[in-house]
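In: Here is a sequence with its predicted model. Questions after.
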Amino acid sequence: DAGVTQTPRHEVAEKGQTIILKCEPVSGHNDLFWYRQTKIQGLELLSYFRSKSLMEDGGAFKDRFKAEMLNSSFSTLKIQPTEPKDSAVYLCASSLYGGSYEQYFGPGTRLTVL
Amino acid sequence: QQQVRQSSQSLTVWEGETAILNCSYENSAFDYFPWYQQFPGEGPALLIAIRSVSDKKEDGRFTIFFNKREKNLSLHIKDSQPGDSATYFCAASAGTNAYKVIFGKGTHLHVLP
């Protein structure tokens, strides 16, 4: 079975641009998560979907970050407009059902905002 | 306020030694504690996990010791190998229907040959 796929692996954006990151979860998984990873803050939850319904939209990340799940096998994370402080690794993960199940992470997208 | 705290940002051991990574938590409702391992350029991957009804979980060279009363746990890596050099995240969640997993900030383990 294929794992979680993320594209692109690297993205460089100018300040103010709109970028869209893509994720394909493990087939059959009900939960999908978007995280931001930095050395200082560690792993921060941006969004959470259960069976395609948005359950958490990331609180402080709401204003410029928008995650969507168009179908059970594809999700996007849009950052608009980008700022230099958004430079980080963005990870997508999926799990069968809930926090007590293993989360399968993709390899991440490294975003650099100039 | 950090709900899951890892006591060391970095740990260095020699090949063959036992590496001990410590973790503590605040929320008494947490009942599932996975440890994730992350290599550079990859996403984290589940290494081993324990539920709060147990005080020990072993899988090969990796063992979790769990102390519910003290709200802490540790990951022991026996006979450490250079290939174990990675970042290890302690995490916690509450309840079988809880979706949110709270991650610690990670401990970067260096195993010297």
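Out: Good, I have the coordinates.

In: Please name the bridge partners of residue B:37.
Out: Going by DSSP bridges, residue B:37 is paired in beta bridges with residue B:45, residue B:88.

In: which parts of chain B sit against chain A?
Out: B:32, B:34, B:36, B:41-46, B:49, B:89, B:93-101, B:103-106 (CB under 8 Å from any CB of the partner chain). Quick note: C-beta positions are derived from backbone N, CA and C, even for glycine.

In: residues in contact with residue B:75?
Out: Contacts for residue B:75 (CB atoms under 8 Å, 6 or more residues apart in numbering or on different chains) come out as B:20, B:21, B:23, B:35, B:47, B:48, B:62, B:63, B:64, B:88, B:90.

In: Of all the residues in the one helix or strand the second one maps to, which ones are buried?
Out: Element membership for residue B:21, per DSSP states H and E: strand B:19-25. Judged by neighbour count using 16 or more other CB atoms under 10 Å in any protein chain shown, the buried positions of strand B:19-25 are B:19, B:21, B:22, B:23, B:24, B:25.

In: Now for residue A:28, how many residues are close by?
Out: If you count neighbours by other CB atoms under 10 Å in any protein chain shown, residue A:28 ends up with 10.

In: For residue B:87, see how far away residue B:77 is.
Out: According to CB to CB, to the nearest Å, residue B:77 and residue B:87 sit 13 Å apart.

In: Looking at these two, which has the bigger crowd around it?
Out: Neighbours were counted for residue B:77 and for residue B:87 using other CB under 10 Å; residue B:77 has more, 23 against 19.

In: From residue B:92, how far off is the more buried one?
Out: 20 Å.

In: OK, contacts around the spatially closest residue to residue A:90 that is not a sequence neighbour?
Out: Take residue A:90 and drop its neighbours on the chain: the residue closest to it by CB to CB, 6 or more residues apart in numbering or on different chains is residue A:109, 4.8 Å away. Listed by CB under 8 Å, 6+ apart, the contact set of residue A:109 reads A:6, A:7, A:8, A:9, A:10, A:11, A:21, A:89, A:90.

In: at 7 Å instead, please
Out: A:6, A:8, A:9, A:11, A:21, A:89, A:90 (CB atoms under 7 Å, 6 or more residues apart in numbering or on different chains).

In: Please apply the same query to residue B:68.
Out: Residues near residue B:68 by CB under 7 Å, 6+ apart: residue B:52.

In: With residue B:109 instead?
Out: Residue B:109 touches B:11, B:19, B:21, B:84, B:85, B:86, B:88, counting by CB under 7 Å, 6+ apart.

In: Determine which two of those residues are furthest apart.
Out: Spatial extent of the contacts of residue B:109 (CB to CB) is set by the pair B:21 and B:85 at 12.7 Å.

In: Residue A:23 falls within a strand, correct?
Out: Yes. Residue A:23: assigned to a strand according to DSSP: H, G, I helix; E, B strand; the rest coil.

In: Please look at it and residue A:91 and confirm they touch.
Out: No. In this structure residue A:23 lies outside contact range of residue A:91 using CB atoms under 7 Å: 9.0 Å.

In: how many other residues sit next to the nearest residue to residue B:61 once chain neighbours are set aside?
Out: Leaving aside its chain neighbours, residue B:61 sits nearest to residue B:78 (4.5 Å; criterion: CB to CB, 6+ apart). Neighbourhood size, residue B:78 [other CB under 10 Å]: 13.

In: any idea how far chain A is from residue B:78?
Out: When CB to the nearest CB, to the nearest Å is applied, the distance between residue B:78 and chain A equals 23 Å.

In: for the chain, which spans come out with low pLDDT?
Out: I'll assume chain A. Scanning chain A for pLDDT under 70 picks out the ranges A:1, A:61, A:98-100.

In: hm, I was asking about chain B
Out: Residues of chain B meeting the criterion pLDDT under 70: B:1, B:96-97.
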